[in-house]
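Novice: Compute the structure for the input listed below.
(2 chains)
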Amino acid sequence: MYLKSLQVKQFKSYAEAQFDFISNINCIVGENGIGKTNLLDAIHFLSMTKSARGVGDPLCIQHGEDYFMIQGNFVYQKQDASKLPASETQITCAYQRGQKKSFLRDQKAYPRLADHIGNFPVVLMDPYDTDLIREGSEERRRFFDGMMAQMDRAFLDNLLRYNRIVQQRNTLLKHFAERGTVDRILLDSYHEPMVQLGETIASARVEFLKKYLPNFQTHYAKLSDDREQVNINIESTFPLGELDATLRNAEAQDLAAQRSTLGIHRDDFSFEINGFPLKKFGSQGQQKSFVVALKLAQFDTLAQARPRKPLLLLDDIFDKLDDRRIQRLVQMMAEDHFGQVFITDARPERTKSLLKNLKGEIKYLAL
Amino acid sequence: MAMNNYPSRIIEQAVEEISKLPGIGKKSALRLALHLLKRPESQSLQLAHALVQLRTETQFCPQCHMISDGGLCGICNSHKREESLICVVEDMRDVLAIENTGQFIGLYHVLGGIISPLAGISPSDLQIESLIQRVSSGKITEVILGLSPTMEGDTTAFYLTKKLKEFPIKISTIARGIPIGGDLEYTDEITLGRSIVGRVVYE
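Specialist: Numbering: from 1, shown residues only, chains lettered A, B, ... in the order given. Have a look, this model is predicted:
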């Protein structure tokens, strides 16, 4: 699967633009601030129904306008029956200020946005990836949950429902505190679904990690010189199967804090190197390898789940990575590990020299 | 582009009020206001009168809380209905939808909403106490929960079940699954998944 063309209208810095891509490697070059990242973000938006950096939809509209539109044509060639002509699918995303965002597949609207997620997977690597190590547990949950949502529709649905329950329950806890009364039966009405969905989500995360971890460890080993052992653990706020009792015991605590203090929305993924926390004990180089391996494992895990490779978006990463890790990425491109790749760089001559030995086709788009 | 400058304060006020209605933005509101000005004065007066009447004279059935012209509603008053059966719904539109099926012969109970702390709706804002009173009269044998399969609908159903637990009645909920005449392969995965889990024994 690859993105053949992209059209954007009033999206971020773009008034109107149209791009054609090739199925192999696309290098988007141009000075800083010219819109390279916004172009990749449009592709991310088309796949994930939202901006990569958590920017709200209204802020994606070009300044002074009141709607934006992104349209992409994806080509999908069936691997087993290559004699059949490739099929083409058009995805259109439109958002107007104050209205519901719409996603259309071949001009037909999806009933729910969630139905689109995962159909055209992407993996994005950018300089903010180190937030996964440095920032709080929310970043890591979003990374893993987002990956699982692309592979498993039911997981996404459960997660959306669970988050809604927590929102409702937190508001309820605040109301109780304001009024000084507690309606036990009402509180219970949120307990049961929270336990049921929470357990389902927690075991799905455990199962997912079993598939993801080997991919991750393989990539880390190839990126790193040393023999260090890396690991990812789920640090849960409750033992699996005991969410019921855990939430019951936390009720007094929740009432006092006026929010749901325990549950899968508080669980974390811990990154370890030789059994110690990566954030404290990992060197700069080890942390970089860790982050790149996280993303490469995301690519492999998504590619294993569906018979199509995700699009790989490499946003401005040559500045941040050292030669060894860049060489590894280029080597993987040479080995045809990826499908369609998008690379942005403010220094075209650097990208050209890095990719000079690749046999496959490379297209340079100067913005 | 925001339209903040209207040629007259009266127009502005009318647009302001009309655009408070659901599904109507400022542009549509202005179109409606200008339309009324083009039509004979009597039409606007009749509309205003109908609105005032709607608001001041509409009554609710003292038993099921559906809209009535006064006293018990047509359904509660009917001798043909099965009085031991109550279907609990969110609002009047659900009553009309179920009535149109022609499959239900019992009575209704309109809650007037569903529980949602985020929307500021708590159980005391709904007709829940009066439901419990109806059930405690002893004439009811079954309560059917006809609520939407959303998270809020489920929570409300759960709350009602707990509240009605002490009474010797059957509590049921409407089935959810594949639409009749629908194609299995086109059913969304969530509904299809639940239909498999909640499958029915073939008799």
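
Novice: For chain A, give me the ranges with low pLDDT.
Specialist: Along chain A, the parts satisfying pLDDT under 70 run over A:78-84, A:226.

Novice: mind giving me the domain split of it?
Specialist: Following the assignment in automatic domain parsing, chain A carries domains at A:1-121+A:312-367, A:133-305.

Novice: show me the contacts for the closest residue to chain A within chain B.
Specialist: Closest residue of chain B to chain A, CB to the nearest CB: residue B:117 (3.8 Å). (Each C-beta comes from the backbone N, C-alpha and C, glycine too.) Residue B:117 makes contact with A:168-169, A:171-172, A:175, according to CB atoms under 8 Å, 6 or more residues apart in numbering or on different chains.

Novice: Those residues into CSV, with extra columns for distance to residue A:146?
Specialist: Below are those laid out as CSV (distance: CB to CB, whole Å):
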residue, distance to residue A:146
A:168, 23
A:169, 23
A:171, 25
A:172, 28
A:175, 32
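
Novice: Among these, which one lies nearest to residue B:105?
Specialist: residue A:168 (34.8 Å; CB to CB).

Novice: ok, how many other residues are close to the closest one?
Specialist: 22 (other CB atoms under 10 Å in any protein chain shown).

Novice: what do you get for residue B:119?
Specialist: Neighbour number of residue B:119 under other CB under 10 Å is 13.

Novice: Double-check that residue B:86 belongs to a strand.
Specialist: Yes. The assignment for residue B:86 is a strand, going by DSSP: H, G, I helix; E, B strand; the rest coil.

Novice: could you list every residue that touches residue A:352?
Specialist: Residue A:352 neighbours (CB under 8 Å, 6+ apart): residue A:364.

Novice: Could you tell me how far it is located from chain B?
Specialist: 45 Å (CB to the nearest CB, to the nearest Å).

Novice: and what of residue A:125?
Specialist: Taken as CB to the nearest CB, the span from residue A:125 to chain B is 30 Å.

Novice: quick one on the thing from earlier: return only those of the contacts of residue B:117 found close to chain B.
Specialist: A:168-169, A:171-172, A:175 (CB under 8 Å from any CB of the partner chain).

Novice: Okay, and which of these map to helices?
Specialist: A:168-169, A:171-172, A:175 (DSSP state H).

Novice: I'd like to know which of the residues you listed are buried.
Specialist: Applying 16 or more other CB atoms under 10 Å in any protein chain shown to these, the neighbour count classes A:168-169, A:171-172, A:175 as buried.

Novice: With respect to residue A:217, which of those is nearest?
Specialist: Among those, and counting by CB to CB, the member closest to residue A:217 is residue A:169, at 37.5 Å.

Novice: what residues are up against the closest residue to the closest one other than its chain neighbours?
Specialist: Distances taken as CB to CB, 6 or more residues apart in numbering or on different chains put residue A:190 closest to residue A:169, at 4.4 Å, once the chain neighbours are dropped. By CB under 8 Å, 6+ apart, the contact set of residue A:190 is A:165, A:168-169, A:172, B:155.

Novice: One more pass at 10 Å, please.
Specialist: Counting by CB atoms under 10 Å, 6 or more residues apart in numbering or on different chains, residue A:190 makes contact with A:165-166, A:168-170, A:172-173, A:247, A:260, B:115, B:117, B:151, B:155, B:158-159.

Novice: now residue A:212
Specialist: A:144, A:147-148, A:205, A:232, A:294, A:297-298, A:300-301, A:304.

Novice: Over to residue A:59?
Specialist: A:12, A:51.

Novice: Likewise for residue B:29?
Specialist: Residue B:29 sits next to B:11, B:14-21 when contact means CB under 10 Å, 6+ apart.

Novice: can you check residue B:170 too?
Specialist: B:85, B:140-144.

Novice: who's it bridged to?
Specialist: The residues listed as beta-bridge partners of residue B:170 by DSSP bridges are residue B:142.

Novice: So for it, what's the pLDDT?
Specialist: pLDDT for residue B:170: 96.

Novice: which residues of the chain fall in helices?
Specialist: Picking chain A for this. With DSSP H as the criterion, chain A has helices spanning A:36-48, A:57-60, A:131-134, A:137-151, A:153-179, A:184-223, A:243-249, A:251-257, A:278-281, A:284-305, A:323-334, A:348-354.

Novice: Not quite, go with chain B.
Specialist: Going by DSSP H, chain B shows helices at B:9-18, B:26-38, B:41-57, B:74-77, B:92-101, B:129-136, B:151-164, B:189-197.

Novice: Contact partners for residue 47?
Specialist: Since you didn't name a chain, this refers to chain A. Residue A:47 is in contact with A:3, A:72, A:74, A:91, A:93, A:116-124, A:150, A:310-311, A:313, counting by CB under 10 Å, 6+ apart.

Novice: hm, I was asking about chain B
Specialist: Counted by CB under 10 Å, 6+ apart, residue B:47 has contacts B:36, B:39.

Novice: Could you rerun that using 8 Å?
Specialist: Per CB under 8 Å, 6+ apart, neighbours of residue B:47: residue B:36.

Novice: just residue B:188 next, same as before
Specialist: A:111-112, A:115.
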